[in-house]
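**Student:** next come a sequence and a model predicted from it.
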Amino acid sequence: MKTVSSSSYGSYLPSIPIGDSGERNPELYARIISEFPGRIKSVYIRDVSDERRNQEVARLAWEAAAHAVLSSK
């Protein structure tokens with residue numbers, strides 16, 4: 001599996017990152033959404049975590065969604 005960083009998203013192609021909730025993927029993808037507005041078309045996160053982590057990931061999803069909506073206006 002290839003590891004990516006936010007600097008990998010510097011090109012102008014749209015992206016759809018895929019990851020899981022057990023690692024720091026949700027945090028990385030939320031940062032990418034804020035650093036590269038309009039580039040991320042969707043994010044897919046496979047749930048492999050306990051309830052506490054699920055709540056953290058849900059919070060990140062709401063924050064990222066709010067940022068995406070605001071940056072598209």
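**Tutor:** All right, it came through fine.

**Student:** going forward, measure contacts and count neighbours with C-alpha atoms only.
**Tutor:** Noted.

**Student:** what is the rounded mean pLDDT of stretch 36-56?
**Tutor:** For stretch 36-56, the mean pLDDT works out to 88.

**Student:** now that stretch: buried residues?
**Tutor:** The neighbour-count check on stretch 36-56 (16 or more other Cα atoms under 10 Å) flags 36, 39-40, 45 as buried.

**Student:** where does the residue nearest to the spatial centre of the chain land on pLDDT?
**Tutor:** Centroid-nearest residue in the chain: residue 29, 2.4 Å away (criterion: Cα atoms, centre = their mean). The score at residue 29 is 90. That number is its pLDDT.

**Student:** tell me the SS of it?
**Tutor:** Each residue gets one of three states, and residue 29 gets helix by DSSP: H, G, I helix; E, B strand; the rest coil.

**Student:** so where do the helices sit in the protein?
**Tutor:** Taking DSSP state H as the test, the helices found in the chain are 25-35, 51-71.

**Student:** dump those helices into TSV; add distance to residue 16 as well.
**Tutor:** What follows is these, written out as TSV (distance: least, Cα to Cα, whole Å):
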stretch	distance to residue 16
helix 25-35	10
helix 51-71	14
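
**Student:** single out the most deeply packed of the ones you listed.
**Tutor:** Comparing the helices of the chain by mean neighbour count (mean count of other Cα atoms under 10 Å), helix 25-35 comes out on top with a mean of 19.

**Student:** next, the angle helix 51-71 makes with that one.
**Tutor:** With axes from the mean of the first three to the mean of the last three Cα atoms, to 10 degrees as the criterion, the two stretches helix 25-35 and helix 51-71 enclose an angle of 10 degrees.

**Student:** helices or strands next to helix 25-35 in the packing?
**Tutor:** Helix 25-35 is packed against strand 18-20, helix 51-71, with contacts defined by 3 or more Cα pairs under 8 Å, 6 or more residues apart in numbering; DSSP states H and E.
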